[in-house]
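Undergrad: following is a predicted model, sequence given first.
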Amino acid sequence: MGKLKAHFVKTLPNGRLQIKIKQGKERVVRAPSSWAIEKNQVILDIDESELNALIDMLKTCKSKLKERNLNSKKEIEMKAILTKQHFMVDLETLSSQSNAHILETALVCFHPVTGTVYNSKSFHVRHGLDEQPRSHTSTDTLAWWYKTNRGYLAKLLNPTEKQALVDTLRRMKELFDAARNDGGLLVWNTGTFDTDVLNNAFNRLVDPKTTLINFWEVRDCRSLRTIGEMFPRLQRSVSAATHNAYEDCIRQIEYITHVTKYLAGQE
């Protein structure tokens, strides 16, 4: 079998070259722009096996370039997610209504994959029975507390240290606004109970025209748990809620990162 010759055809708009490799039937191969050109032609003295190796090499390069671009896109998407600041919020209340009297508030800033907690952006405070205008207290909720965890209820009703709810809400607003101005904000809770109660309290006590947590910033732990339970590899035993707001935040963060760590490992 005779040698094959490749002749320059044209320079493509993307800077690559199109060459024509001839031996009998014509075959067209795109070659890197780094190949030398003399008088608008490229002469390759290669046999068919070398040509096939060249074609395989170009296909491999194309495949690797496609994979690199895909990975780069995934990295950009992941970076966009991770640059947002994630907060877990949990409340202990005296009602299940949206205007419930709040006894305890925990807010924990965390990394959604590693589970790292950022203490400088987290807090855990109790409010006791100090007045919260237009808040609701349910006798059924009090009975539930007394039946399930009366010892902890006593601590919530008469805390050794407490903070006015209005000050807690203002501190939360500062943290959330800072997050919005630095990558974005996501607030996790169970369902929407905690975020609904906080928005209601903020409107009653701080500013009736401002939303503390926008609906598009809310993320639900319960939905993620349901998805996790669909797949055997993601199933895990979930420890019972202690109804200590901070401990419940940490428990929910651990479940989220159990799922996200697995998904990150599949990339």
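TA: Received the coordinates, thanks.
Undergrad: what's the local residue count around Leu107?
TA: 25 (other Cβ atoms under 10 Å). Where you see a C-beta, it was placed from the backbone N, CA and C, and this is true even at glycine.
Undergrad: just the element for it, please.
TA: strand 102-110 (DSSP states H and E).
Undergrad: repeat for Val89
TA: Using DSSP H and E, Val89 falls in strand 85-93.
Undergrad: strands of this protein, start to end?
TA: Ranges of strands within the chain are 5-11, 17-23, 25-31, 85-93, 102-110, 117-126, 185-189, 218-220, based on DSSP state E.
Undergrad: next one: the last one to chain centre, how far?
TA: Same thing as strand 218-220. Remark: strand 218-220 is offset 11 Å from the chain centroid, using Cα atoms, centre = their mean, to the nearest Å.
Undergrad: thinking again about what came up before, which strands or helices does the strand holding Leu107 pack on?
TA: Applying 3 or more Cβ pairs under 8 Å, 6 or more residues apart in numbering; DSSP states H and E, one finds that strand 102-110 contacts strand 85-93, strand 117-126, helix 139-157, helix 165-180, helix 245-265.
Undergrad: could I get the contacting residues of Leu103?
TA: 91-94, 126-128, 156-157 (Cβ atoms under 8 Å, 6 or more residues apart in numbering).
Undergrad: mind giving me the ChimeraX select for those residues, buried ones only?
TA: Here is the ChimeraX command that selects the buried residues among the contacts of Leu103 (16 or more other Cβ atoms under 10 Å):
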select :91,92,93,94,126,127,128,156
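Undergrad: how about the helices and strands packed on strand 102-110 in JSON lines, adding mean pLDDT?
TA: Compiled in JSON lines, those are given as follows (pLDDT from 0 to 100):
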{"stretch": "strand 85-93", "mean pLDDT": "97"}
{"stretch": "strand 117-126", "mean pLDDT": "97"}
{"stretch": "helix 139-157", "mean pLDDT": "95"}
{"stretch": "helix 165-180", "mean pLDDT": "98"}
{"stretch": "helix 245-265", "mean pLDDT": "88"}
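Undergrad: turn these into a markdown table, columns for distance to Arg233.
TA: A markdown table is the format used below for the helices and strands packed on strand 102-110 (distance: least, Cβ to Cβ, whole Å):
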| stretch | distance to Arg233 |
| --- | --- |
| strand 85-93 | 23 |
| strand 117-126 | 26 |
| helix 139-157 | 33 |
| helix 165-180 | 32 |
| helix 245-265 | 7 |
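Undergrad: out of those, deepest packed?
TA: strand 85-93 (a mean of 24; mean count of other Cβ atoms under 10 Å).
Undergrad: next one: that strand to chain centre, how far?
TA: 16 Å.
Undergrad: then that strand to PDB, C-alphas only?
TA: Extracted C-alpha coordinates of strand 85-93, given in PDB (Å, rounded to 0.1, in the frame of the first residue of the first chain):
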ATOM      1  CA  GLN A  85     -24.600  31.000  52.300                       C
ATOM      2  CA  HIS A  86     -26.700  28.200  53.800                       C
ATOM      3  CA  PHE A  87     -28.500  28.600  57.100                       C
ATOM      4  CA  MET A  88     -30.500  26.100  59.100                       C
ATOM      5  CA  VAL A  89     -33.200  27.500  61.300                       C
ATOM      6  CA  ASP A  90     -35.300  25.800  64.000                       C
ATOM      7  CA  LEU A  91     -37.800  27.300  66.500                       C
ATOM      8  CA  GLU A  92     -39.500  26.000  69.600                       C
ATOM      9  CA  THR A  93     -42.900  27.500  70.000                       C
END
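Undergrad: appreciated, that's everything.
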